[in-house]
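Asker: sequence and predicted structure, then a few things I'm wondering about:
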Number of protein chains: 2
Amino acid sequence: MTDENTATGKPGLSRRGMLGLAGATVGAGLVGVGAGVVLDRTVLGASTHPTDTYPFYGQHQSGITTAAQDRLHFAAFDVAADLDRDGLVELLRDWTVAAARMTQGRPAGKYGPASGPADAPPDDTGEALDLPPGGLTLTIGFGPTLFTDTDGRDRFGIASRRPSALVDLPHFAGDALLDAYVGGDLCVQACSDDPQVAVHAIRNLSRIAFGRASIRWSQLGFGRTSSTTRSQTTPRNLFGFKDGTANIKAEDSSVVADQVWADSGDGAGWMHGGSYLVARKIRMVIETWDRQQLGEQERIIGRDKGEGAPLSGGTEFTEPNFLALAPSGGTKIDPDSHVRLAHPTTNNGAQLLRRGYNFVDGNDELGRLNAGLFFIAFQRDPRKQFIPIQQQLARSDAMNEYLKHVGSAIFAVPPGAREGSYVGAGLFD
Amino acid sequence: MTDENTATGKPGLSRRGMLGLAGATVGAGLVGVGAGVVLDRTVLGASTHPTDTYPFYGQHQSGITTAAQDRLHFAAFDVAADLDRDGLVELLRDWTVAAARMTQGRPAGKYGPASGPADAPPDDTGEALDLPPGGLTLTIGFGPTLFTDTDGRDRFGIASRRPSALVDLPHFAGDALLDAYVGGDLCVQACSDDPQVAVHAIRNLSRIAFGRASIRWSQLGFGRTSSTTRSQTTPRNLFGFKDGTANIKAEDSSVVADQVWADSGDGAGWMHGGSYLVARKIRMVIETWDRQQLGEQERIIGRDKGEGAPLSGGTEFTEPNFLALAPSGGTKIDPDSHVRLAHPTTNNGAQLLRRGYNFVDGNDELGRLNAGLFFIAFQRDPRKQFIPIQQQLARSDAMNEYLKHVGSAIFAVPPGAREGSYVGAGLFD
């Protein structure tokens, strides 16, 4: 029966956050000592395995080099037109408190009848009450429009602190973007091995944001398409090929330091230890792909389908040899294959830490599955990494015939918060 | 290097099924001795746990009383305008062969370069190659329009064999159906603990059906909302409440016999051992729900949220006492509560075996999650079970304010096939 936030001295939700939970129909008096039954998931018998929990606070945000979980709910948010700087900071504080709780397997707020008056709704929506967190990570990012909105306004007095690396993504050849899947002032990447836990997190953060920010677009993903640690097997994308064999792995500490984490030298001190997230919703024309013979599919990818070995020979983790010649003439690996055009040696050494997910959003009116890859990549500087790599792929990748980029967004992901502080605090200091 | 279907004498895909795999671009010569590398999932090191595999052949189709798996991909198909009776039978034979393979953790067809000429695509799309089946079940059903199409035509000479229990669902009060989620000539319910396996199955069945049937609508579900065996804990729906506490369990053999399986006495001998599936896509207005105080939510459901016990007292599995009086007057369980109106005692003893799933299909233009329950129920006779129950709920359920039924379909699910035969064979004898 204690208000645990008060009891521990840890920061709780702001009054406005509590109002968000209550929605527009409950107006006042929500702050106060809780009178309700406190039921954490742990109380309800969840069988959380220790390795299923990642810290929320720390040098970096979790969900970047964290071993990729199986499921995703990604949401881009727009802040309300009347939100001011203090309101934005308060929202980030509220999100930090709730995210820290949920990643540890606890409800977004105290569960039960009322931390306020009797007519208040529960602080948590409840659908994850019995579920262990399944490795839940919540990773928060800031889009370009948070710094300067589309009318050029500096709503929050932070335009001068926009990192030079947080560029607007250019148009890429073949882009077929739909407004419904582009941009966003803020983002939250929720990853968990249990989709219900990821959905619960986005839903409750959205609820806390009520009146301050609302979902602009969101995406569920059901199968991770990249491994981010050496202990993970390489999963397959919806082309049926292993994806992420050559991905940056958390164990490659010098590569991670060099290619993933931003530092002060990148022009915005508050981003030191952060990273830049590029999201692309890529629809795959799977029905056409499925009619290609295996050899042609393998030529396009540059790897064999069963094992994932480069066509120059060896096994999955053998480095491709782009100079190896085929007996019939030409190289064994097609110069326009995806593996060659995306390879660091073809991109001045640039790499990406990919964390994408397969998706199926039902089907279109012709009965074709609306399916593809929700691509997510983290990097130190998109100007040197995602953008030039994607420009090269957009020009020449043999795979383009089977792809349609329909969504696109970029976010600056600040470093992790110190306990007691909040995500992005450095931007508002 | 053997064509295993030929080698074992088991039926393989029809020539037309092979053409479906090849799509419209490859025309001839696909039947023959395979020349490719045969790679089954087992060869690729899948770690299938024995309990993860359910039989495809048998008295009943799996996926009904089978312990509800965690994930769903449901697809309704329409058959092509020019498909004739022989073509329909051939499609069902092809689906049976491929479904039997996939449920046992094998690819839809032989994987590798060509069971036919060199320009043939792989027989399987590959994205589940390394994955154990995760309890995959594939359950096939026939919609009313298969018997008599919307123009009243008896395309397949089976109109006279339409079971009287396969009625067109009536309009229910409050229905807000969208054409995009209604009806279908055929359905396939794919359930697995791994969504990639369920998606792979629907994709490959759709591919095999190329030119003969195409997806009319489909739905992914990420969290089962009912337990169907006593060994399963009761999951929660997106209202945050436990769902399915009083569901029919596989162990209740006399209830299953009485309420789930059709028999010859129901008017169509070929349905003996089958069941009737009703699917309803129910959007939940979760933002409004989330603003209700806990007590009001519990009054609407008739159970407490944390434990799932009826408001008349006890624990989750205590039978509700609808006559128990509250000290303040009236009954402890509201007469319009969902638990009372859906209870067998209020429905002449009628029960349903529910197998629904939570879904989130992104969000709407107002930033609200497009979320809800994809309701699936199996029963012996919808005229005595789903229809009267839903009529009562549609009239009075206190929960209706937070629900919108947007999709609806009914299917006759024939009994299981004998090995060597196909699903629905009895209908065409």
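Answerer: Right, received. Where do you want to start?
Asker: okay, CA-based contacts and neighbour counts for the rest of this
Answerer: Will do.
Asker: I'd guessed residue A:333 sits against residue A:313; true?
Answerer: No: applying CA atoms under 8 Å as the test, residue A:333 and residue A:313 come out as separate, 9.7 Å apart.
Asker: who's more crowded, the two?
Answerer: Applying other CA atoms under 10 Å in any protein chain shown to residue A:333 and residue A:313 shows that residue A:333 carries more neighbours, namely 27 against 16.
Asker: what's the neighbour count on the closest residue in space to residue A:386 that isn't next to it in sequence?
Answerer: Among residues not flanking residue A:386 along the chain, residue A:352 sits closest, at 7.1 Å (CA to CA, 6 or more residues apart in numbering or on different chains). Neighbourhood size, residue A:352 [other CA under 10 Å]: 26.
Asker: and residue A:352, how far is that from residue A:302?
Answerer: 19 Å (CA to CA, to the nearest Å).
Asker: list the contacts for the residue nearest to residue A:386?
Answerer: Residue A:352 makes contact with A:247, A:248, A:259, A:260, A:377, A:378, A:379, A:385, A:386, according to CA atoms under 8 Å, 6 or more residues apart in numbering or on different chains.
Asker: let's see which of those end up in strands.
Answerer: Counting by DSSP state E, the contacts of residue A:352 place A:377, A:378, A:379 in strands.
Asker: ok, the last one - contacts?
Answerer: With contact taken as CA under 8 Å, 6+ apart, residue A:379 is in contact with A:259, A:260, A:261, A:262, A:275, A:276, A:277, A:351, A:352, A:353, A:385, A:386.
Asker: surely the first one meets residue A:380?
Answerer: Yes: contact criterion CA under 8 Å: residue A:259 and residue A:380 qualify, at 5.3 Å.
Asker: between the two, who's got more neighbours?
Answerer: It is residue A:380, of residue A:259 and residue A:380, that has more neighbours when counted by other CA under 10 Å, with 29 against 22.
Asker: ok, the more buried one touching residue A:264?
Answerer: No: at 11.0 Å, residue A:380 does not count as touching residue A:264 under the criterion of CA under 8 Å.
Asker: residues shared between the contacts of those two?
Answerer: By CA under 8 Å, 6+ apart, no residue touches both residue A:380 and residue A:264.
Asker: ok, so of the contacts of residue A:352, who is nearest chain B?
Answerer: Nearest to chain B among the contacts of residue A:352: residue A:247, at 18.5 Å, using CA to the nearest CA.
Asker: hey, what's the closest residue to residue A:203 other than its chain neighbours bridged with?
Answerer: Nearest residue to residue A:203 in three dimensions, chain neighbours excluded: residue B:369, at 7.6 Å (CA to CA, 6+ apart). Beta-bridge partners of residue B:369, counted by DSSP bridges, are residue B:363.
Asker: residues from the stretch 101-250 of chain A in reach of chain B?
Answerer: Neighbours of chain B within the stretch 101-250 of chain A, by CA under 8 Å from any CA of the partner chain: A:112-114, A:118-122, A:125-129, A:195-196, A:199, A:203, A:207, A:214-220, A:222-223, A:236-241.
Asker: okay, the residue nearest to residue A:309 when sequence neighbours are not counted: pLDDT?
Answerer: Excluding the flanking residues, the one nearest residue A:309 by CA to CA, 6+ apart is residue A:316, at 4.0 Å. Listed pLDDT for residue A:316 reads 95.
Asker: residue A:316 looks like it's in a strand, true?
Answerer: No: assessed with DSSP: H, G, I helix; E, B strand; the rest coil, residue A:316 is coil; it does not lie in a strand.
Asker: pretty sure it sits against residue A:310.
Answerer: Yes: contact criterion CA under 8 Å: residue A:316 and residue A:310 qualify, at 6.9 Å.
Asker: more crowded one of the two?
Answerer: Between residue A:316 and residue A:310, counted using other CA under 10 Å, residue A:310 has the larger neighbour count: 25 against 18.
Asker: of the contacts of residue A:352, which is the nearest to residue B:152?
Answerer: Minimum distance to residue B:152 across those is 53.4 Å, recorded for residue A:377 (CA to CA).
Asker: the residue nearest to residue A:203 and residue B:284 touch, don't they?
Answerer: No: contact status for residue B:369 versus residue B:284: not in contact, 9.2 Å apart, counting by CA under 8 Å.
Asker: how about the strands in the stretch 151-300 of chain A?
Answerer: Taking DSSP state E, counting those that start in this stretch, the strands of the stretch 151-300 of chain A run over residues A:186-192, A:213-221, A:223-224, A:275-284.
Asker: what packs against the helix or strand encompassing residue A:359?
Answerer: For residue A:359, the host element (DSSP states H and E) is strand A:357-363. Under the contact criterion of 3 or more CA pairs under 8 Å, 6 or more residues apart in numbering or on different chains; DSSP states H and E, strand A:357-363 touches strand A:213-221, strand A:223-224, strand A:369-379, strand B:213-221.
Asker: out of those, which one sits most buried?
Answerer: Compared across the helices and strands packed on strand A:357-363, strand A:223-224 shows the largest average neighbour count, a mean of 27 (mean count of other CA atoms under 10 Å in any protein chain shown).
Asker: can you list contacts of that one?
Answerer: Contact partners of strand A:223-224, identified using CA under 8 Å, 6+ apart, comprise A:68-72, A:235, A:237, A:355-359, B:195-196.
Asker: in stretch A:137-155, which residues are buried?
Answerer: Neighbour counts using 16 or more other CA atoms under 10 Å in any protein chain shown place A:137-148, A:155 of stretch A:137-155 among the buried residues.
Asker: what sits against the closest residue to chain B within the stretch 301-429 of chain A?
Answerer: Minimum separation of the stretch 301-429 of chain A from chain B (CA to the nearest CA) falls at residue A:367, amounting to 4.3 Å. Each residue near residue A:367 by CA under 8 Å, 6+ apart is listed here: B:214, B:215, B:216, B:217.
Asker: nearest to residue B:16, out of these: which one, please.
Answerer: For the contacts of residue A:367, the residue nearest residue B:16 by CA to CA is residue B:214; the value is 14.8 Å.
Asker: show me the beta-bridge partners of that closest one.
Answerer: For residue B:214, the residues forming beta bridges with it (DSSP bridges) are residue B:78.
Asker: output the lowest mean pLDDT helix or strand found in chain A.
Answerer: Of the helices and strands making up chain A, the lowest-confidence element is helix A:4-8, at a mean of 36, by mean pLDDT, DSSP states H and E.
Asker: thinking again about what came up before, let's have the contacts of residue A:379 in JSON lines, adding distance to residue B:373 and pLDDT.
Answerer: Shown next, in JSON lines, are the contacts of residue A:379 (distance: CA to CA, whole Å; pLDDT from 0 to 100):
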{"residue": "A:259", "distance to residue B:373": "42", "pLDDT": "97"}
{"residue": "A:260", "distance to residue B:373": "39", "pLDDT": "97"}
{"residue": "A:261", "distance to residue B:373": "41", "pLDDT": "97"}
{"residue": "A:262", "distance to residue B:373": "42", "pLDDT": "95"}
{"residue": "A:275", "distance to residue B:373": "37", "pLDDT": "98"}
{"residue": "A:276", "distance to residue B:373": "36", "pLDDT": "98"}
{"residue": "A:277", "distance to residue B:373": "32", "pLDDT": "98"}
{"residue": "A:351", "distance to residue B:373": "41", "pLDDT": "97"}
{"residue": "A:352", "distance to residue B:373": "37", "pLDDT": "97"}
{"residue": "A:353", "distance to residue B:373": "35", "pLDDT": "97"}
{"residue": "A:385", "distance to residue B:373": "41", "pLDDT": "98"}
{"residue": "A:386", "distance to residue B:373": "38", "pLDDT": "98"}
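Asker: most neighbours, which of these?
Answerer: residue A:277 (31 neighbours).
Asker: residues touching that one, list them.
Answerer: Going by CA under 8 Å, 6+ apart, residue A:277 touches A:141, A:376, A:377, A:378, A:379, A:410, A:411, A:412, A:413.
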